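A.B. asks: Based on what follows, work out the 3D shape:
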Amino acid sequence: MLPLTFEFRLDPAETVRASRYLRRRQRFAWLSWAIWPMLLGLTALYRVTGTPWQELWLLGLAALFLGSLTVLVPWVQRRQFRRAYSETPGLREPQVYQFDGDRLVMSAGATTMTLGWDAILEVVETDEFFLFFYSKRCAYYLPKRAMGADSEQHRLRELLRSALGTRAAGLQKVSLSTTPT
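C.D. replies: Residues are numbered from 1 along each chain as shown. Model (predicted):
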């Protein structure tokens with residue numbers, strides 16, 4: 001199979017979306033979205049039953065703090081990524097991902113990194129990305145916008161399935177005949 005090459009520029013908002021997907025995959029990630037509404041609900045319930053505000057201040061403060069964290073984390077991340085992109089020359093360069101039967105080669109400017117397929121634990125496909133997990137919590141991402149046609153995505157899926165076997169189980173089951181041309 002011929003090598004596949006994809007080129008794209010990093011985007012802070014896109015990086016935040018990819019990292020949000022990684023966070024959602026982590027065990028107990030739902031807690032950050034579940035705890036603060038429960039605390040707010042408890043505060044309202046206690047207030048309806050006649051509990052004075054003076055006894056609920058800690059519960060309300062905890063709910064407000066957790067809610068603020070949930071809302072502010074993506075904003076802070078985007079800001080940090082923008083700063084990193086402005087301060088790191090390699091991140092401003094086009095990112096080039098080259099795939100072949102033996103490895104994935106990622107390069108940006110003067111930096112090149114080669115990963116053998118044994119270094120990839122899992123590949124997952126989302127609506128927007130291909131995620132290459134090199135640990136349980138960390139992954140490199142390839143945005144689908146970097147691929148011209150659906151046939152390129154199909155070729156990449158086939159290459160990854162042949163190179164990774166069961167570690168490519170997270171790829172979409174799309175046949176080339178059902179994709180629009």
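A.B. asks: Mind picking out the helix or strand in this structure with the poorest mean pLDDT?
C.D. replies: Using mean pLDDT, DSSP states H and E, helix 31-48 stands out as the lowest-scoring helix or strand of the chain, at a mean of 72.
A.B. asks: For the helix or strand just after it, what is the distance to the chain centroid?
C.D. replies: Note on helix 31-48: by DSSP states H and E, the next helix or strand toward the C-terminus is helix 57-87. Using CA atoms, centre = their mean, to the nearest Å, the distance from the centre of helix 57-87 to the centre of the chain it belongs to is 17 Å.
A.B. asks: how about the helix or strand that helix 57-87 is followed by: buried residues?
C.D. replies: The helix or strand immediately downstream of helix 57-87 is helix 89-92, counting by DSSP H and E. Neighbour-count burial for helix 89-92, counted by 16 or more other CB atoms under 10 Å, picks out Leu91. C-beta here means a position set from N, CA and C on the backbone, and glycine is covered the same way.
A.B. asks: contact partners of helix 89-92?
C.D. replies: Here helix 89-92 makes contact (CB atoms under 8 Å, 6 or more residues apart in numbering) with Arg9, Leu10, Ala84, Tyr85, Ser86, Ala108, Gly109, Ala110, Thr111.
A.B. asks: can you list the domains in this protein?
C.D. replies: Structurally, the chain divides into domains by automatic domain parsing as follows: 4-10+93-178, 17-87.
A.B. asks: Out of those domains, indicate the one that is most buried.
C.D. replies: Among the domains of the chain, judged by mean count of other CB atoms under 10 Å, the one packed with the most neighbours on average is domain 4-10+93-178 (a mean of 16).
A.B. asks: on that earlier part again, just checking, what packs against the least confident helix or strand of the chain?
C.D. replies: For helix 31-48, the elements it packs on are helix 57-87, judged by 3 or more CB pairs under 8 Å, 6 or more residues apart in numbering; DSSP states H and E.
A.B. asks: The helix it packs on to helix 31-48, inter-axis angle?
C.D. replies: Calculated by axes from the mean of the first three to the mean of the last three CA atoms, to 10 degrees, helix 57-87 forms an angle of 150 degrees with helix 31-48.
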